[in-house]
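**Q** what's the 3D shape of this:
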Amino acid sequence: MNGVSEVFPEAEHRECMYHLVQNFKKRYSGKVFDEHLWASAYSWSPYMFDKHYQAMAAAKAEAMKYLQDTHKKLWTRSQFGTASKVDYVTNNLAESFNNWIKGEKQKHLDDLMGTIRQKILIKWNHRKRVARKFEGKILPHIVQKLKDDSYNLDIEVITSSPEGARLEDHVDDFFSVQKFKDAYAGSIPCIPDKSMWPKATLGFFMHLPCLKSTGGRRKNRMKSAVEGGSKKKSKKHECPICHELGHHWYTCKNGNLEDITAMEAERSGTGSNDYTVPLQSMYLAPFHEETVQTEPMEVVLPQPSPKKKIGLKKKLTPKKLSIVPACPASPASPASNTRSKKKVGFK
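**A** Below you'll find the model as predicted:
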């Protein structure tokens, strides 16, 4: 990180707020930091930044001393310069660029630079065509952003008024349509292709780099609730009757009563499957209710074959098999026939 200030001494060196918070959480945590740390980074004015900073310093002074000693780069919008119009507090631009060339990183350096140049030419041509369609003074998405930001302020953003006040007069020229057109008005000069380079014999062959996939955090990072991200949304149930969310069919009040009755009949088992077919519909000829004497016909239905239970057979070992001695003979009596005559038993 020190090389940036040496190579670009006049450049503004900022620090990624996401990595700052991850390192900060390893040492300090609490509700006061969840409420004021990210808020201080997004603060535009020095007054609001100092307000959030002092709230954290009053709760834990050593935490603020840690920030001053270890994170000396710029990480709050209140300290950003006005020369650069990028107000990001994270390194999302670098992450987006790395994802843009993710499929080309395995190439040689010269091939990689040629591929990046081709991507820039395509992007340059696309934005030049977009700039030709813009009209007005301020970019359309900037005007829309001003309207969205003023939604909760209970004011109305207008582009002009009878008094002569115009929205364009209060927006920086950097966000004007003319600046956008000037940025892509030029053309990138052509350079010789790799096939036109002079041939050279190096005495060795340079193979492609061996890249191994390394573990790490996910690239498409989701903002937490502390950063202002959306909370987890619970999926609502859709009613099959009225197709509205938030209730079931048996509590539906906006649906058709016949549909609800049919649904109840289907769920209770008295639906269309249990409908009794009239006897008239079973014959092709006209049916007359007359008594006709016919011989009774016996209908034999096939009997289902009994299923055999498959189980483990228990083997009788000599220890479990025992012989019970025979009982002595008893005198003949009327009750002798009711006595057990079993001589051998199993324990």
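**Q** got a list of what residue 190 touches?
**A** Neighbour list for residue 190: empty [criterion: CB atoms under 8 Å, 6 or more residues apart in numbering]. Where you see a C-beta, it was placed from the backbone N, CA and C, and this is true even at glycine.
**Q** longest single helix anywhere in the chain?
**A** helix 109-133 (DSSP state H).
**Q** how about the next helix-or-strand element following that one: buried residues?
**A** Counting by DSSP states H and E, the next helix or strand C-terminal to helix 109-133 is helix 140-149. Buried residues in helix 140-149, defined by neighbour count with 16 or more other CB atoms under 10 Å: 142-143, 146.
**Q** Against which helices or strands is the helix or strand following helix 140-149 packed?
**A** Per DSSP H and E, the first helix or strand lying C-terminal to helix 140-149 is helix 177-183. Secondary-structure packing of helix 177-183 (3 or more CB pairs under 8 Å, 6 or more residues apart in numbering; DSSP states H and E): helix 109-133.
**Q** If we go by neighbour counts, what in the helix it packs on is buried?
**A** For helix 109-133, using 16+ other CB under 10 Å, the buried residues are 114, 128, 131.
**Q** what is the mean pLDDT for the longest helix of the chain?
**A** The average pLDDT within helix 109-133 is 89.
**Q** Also stretch 59-73?
**A** Mean predicted lDDT for stretch 59-73 stands at 90.
**Q** contacting residues around it?
**A** By CB under 8 Å, 6+ apart, the list of residues contacting stretch 59-73 reads 1, 13-15, 20, 23-24, 27-28, 30, 32-33, 53, 56-57.
**Q** what's around the closest residue in space to residue 89 that isn't next to it in sequence, how many residues?
**A** Using CB to CB, 6 or more residues apart in numbering and skipping residues adjacent in sequence, the residue nearest residue 89 is residue 17, 4.2 Å away. Residue 17 has 23 neighbours, counted by other CB atoms under 10 Å.
**Q** rewinding a little: which among the contacts of stretch 59-73 count as buried?
**A** In the contacts of stretch 59-73, the ones that pass as buried (16+ other CB under 10 Å) are 14-15, 20, 24, 28, 32-33, 53, 56-57.
**Q** Return the closest of the residues you listed with respect to residue 121.
**A** residue 14 (28.8 Å; CB to CB).
**Q** what's that closest one sitting at in phi/psi?
**A** Phi and psi for residue 14, reported as degrees, to the nearest 10, are phi -110, psi 170.
**Q** what angle sits between the longest helix of the chain and helix 140-149?
**A** 80 degrees (axes from the mean of the first three to the mean of the last three CA atoms, to 10 degrees).
**Q** Run through who's touching helix 109-133.
**A** So helix 109-133 is in contact with 100-101, 104-105, 107, 177, 180-181, 184-185, 188, 191, 193-194, going by CB under 8 Å, 6+ apart.
**Q** Show the buried residues in those residues.
**A** 177, 180, 184.
**Q** Output those in a markdown table; the columns should cover pLDDT.
**A** Shown next, in a markdown table, are the buried ones among the contacts of helix 109-133 (pLDDT from 0 to 100):
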| residue | pLDDT |
| --- | --- |
| 177 | 91 |
| 180 | 91 |
| 184 | 89 |
